[in-house]
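Participant: show me the folded form of this:
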Amino acid sequence: MASADPFEDVVKSRREEGFAEFEPTRKGLWGRFHEALHTTPALVPLIVLLAALVVFGVLLGGKFFSPFALTLILQQVQIVGVLAAAQALIILTAGIDLSVGAVAVLCSVLMGQITFRYGVPAVAAVPIGLAAGTAIGAVNGWLVSRIKLPPFIVTLGMWQIVLAVNYLYSRNETIRARDIETQAPFLQVLGTKFTLGGAVLTLGVVLMLAVVLGLAYALRSTAWGRHVYAVGDDPEAAQLAGVDRHKTLMSVYMLVGFICGLAGWVMIGRYGSVSPSATTGVIGNIQAITAVVIGGISLFGGRGSILGAFFGALIVGVFELGLRMSGADPQWTYLLIGVLIIAAVTIDQWIRKVTQ
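Facilitator: Now for the predicted structure:
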């Protein structure tokens, strides 16, 4: 009598015919550890983050684990955390975006200038800034997917263009925090603080967490997310499997532009003012890439998670705050971050080499 599972019937017949059977390879502790790193890329940055918390907790005592100190880390990384989420999407498709910081600054400038120069209500100016970021992302995506230009070149050029437009349009004028607070407080709404169980958070931190968790769900549980990974891992195979590479890349770059607009809005809430010379336009790209690399996302595309990039941003924040509280030279932060970047890439290469 045949069983309900045809595969079991085949196995049974093979046994009766005398075919040899092979026991599954037993993996040792090291093999299981490697498999865990391969299947859960965010595990490495999570381990590093917990280790850093323990080390600074031991060195600094209870003051480092105070609600104020821990939430201060979240407040410090809220801009980088949003930009890292955007950068992670691009790197998952085996690209890179050098313009995310500049686009964020331009979006913040547009929101401020449209409000104060043209008298547009801030409630309407914010969506205009978000739309501008999305449009810039669409241009990047079209050049990459249709014209087949390298993402590095496209976004390097866009970075320079956006920086120039930023200064030309704003006339290098800074909108002061006092003016925004009295005339357009909605621009600063993401800087609003609230208390939760002794911890002081801002709406910008809430937005960062919402972006990270939303993208994590979309990449893990939707067809779009699987397409993003497929395009980054092997675009030719993805095309043969029916994945529309152009549509996927366009959606990714447009979403990244929109997220950069959100980062610009977070910047206004964080700093209070709107300045075309904000340092995020120059170093925001490096900070975002640093968080992504430390977060275990492969620069070759197709492997990693948004949560890993978020952990990477937190690692940088923990090192900066911990070293500052211990009175160490700030240059130690750059040294340790540099070591972590090289270590993260080395681990990624090792995982790829062993699994090939």
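Participant: who are the packing partners of the helix or strand harbouring Y334?
Facilitator: Element membership for Y334, per DSSP states H and E: helix 331-355. Under the contact definition 3 or more CB pairs under 8 Å, 6 or more residues apart in numbering; DSSP states H and E, helix 331-355 sits against helix 29-39, helix 43-60, helix 280-294, helix 306-325. (Glycine included, C-beta is placed from N, CA and C.)
Participant: let's have those in a markdown table, adding mean pLDDT and mean neighbour count.
Facilitator: Below are the helices and strands packed on helix 331-355 laid out as a markdown table (pLDDT from 0 to 100; neighbours: other CB atoms under 10 Å):
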| stretch | mean pLDDT | mean neighbour count |
| --- | --- | --- |
| helix 29-39 | 63 | 12 |
| helix 43-60 | 86 | 17 |
| helix 280-294 | 86 | 24 |
| helix 306-325 | 90 | 24 |
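Participant: quick one: closest of those to G81.
Facilitator: Within these, the stretch nearest G81 is helix 306-325; the backing value is 4.5 Å (CB to CB).
Participant: where does pLDDT dip in the protein?
Facilitator: Residues of the chain meeting the criterion pLDDT under 70: 1-39, 351-356.
Participant: circling back: tell me which of the helices and strands packed on helix 331-355 lies nearest to V200.
Facilitator: Taking CB to CB, helix 306-325 is the member of the helices and strands packed on helix 331-355 nearest to V200, at 14.4 Å.
Participant: chain center to the closest one, what's the gap?
Facilitator: Computed by CA atoms, centre = their mean, to the nearest Å, the chain-centroid distance of helix 306-325 equals 13 Å.
Participant: that one vs helix 280-294, what angle?
Facilitator: Using axes from the mean of the first three to the mean of the last three CA atoms, to 10 degrees, the inter-axis angle of helix 306-325 relative to helix 280-294 is 110 degrees.
Participant: can you give me the distance of the nearest residue to I347 once chain neighbours are set aside to V205?
Facilitator: Excluding the flanking residues, the one nearest I347 by CB to CB, 6 or more residues apart in numbering is V44, at 6.0 Å. Distance, V44 to V205, by CB to CB, to the nearest Å: 24 Å.
Participant: how close does the nearest residue to L130 once chain neighbours are set aside sit to G133?
Facilitator: Closest residue to L130 apart from its sequence neighbours, by CB to CB, 6+ apart: G261 at 3.9 Å. According to CB to CB, G261 stands 3 Å off from G133.
Participant: any shared contact partners between these two?
Facilitator: The contact sets of G261 and G133 overlap at V103, A104, C107 (CB atoms under 8 Å, 6 or more residues apart in numbering).
Participant: right, and the helix or strand after the strand or helix carrying the second one?
Facilitator: Assigned by DSSP H and E, A104 falls within helix 100-118. From helix 100-118 onward toward the C-terminus, using DSSP H and E, the following helix or strand is helix 122-145.
Participant: so which bits of that following helix are buried?
Facilitator: Buried positions in helix 122-145, judged by neighbour count with 16 or more other CB atoms under 10 Å: 122, 125-126, 129-130, 132-134, 136-138, 140-145.
Participant: which residues are contacting the helix or strand that that helix is followed by?
Facilitator: For helix 122-145, the following helix or strand on the C-terminal side (DSSP H and E) is helix 151-170. Defining contact as CB under 8 Å, 6+ apart, one finds that helix 151-170 is touched by 90, 95-99, 101-103, 105-106, 109-110, 113, 136, 139-140, 143-144, 276-277, 281, 285.
Participant: for the helix or strand following helix 151-170, buried residues please.
Facilitator: Counting by DSSP H and E, the element after helix 151-170 in chain order, helix or strand, is helix 177-183. Going by neighbour count (16+ other CB under 10 Å), the buried part of helix 177-183 is A177, I180.
Participant: noted, bye for now.
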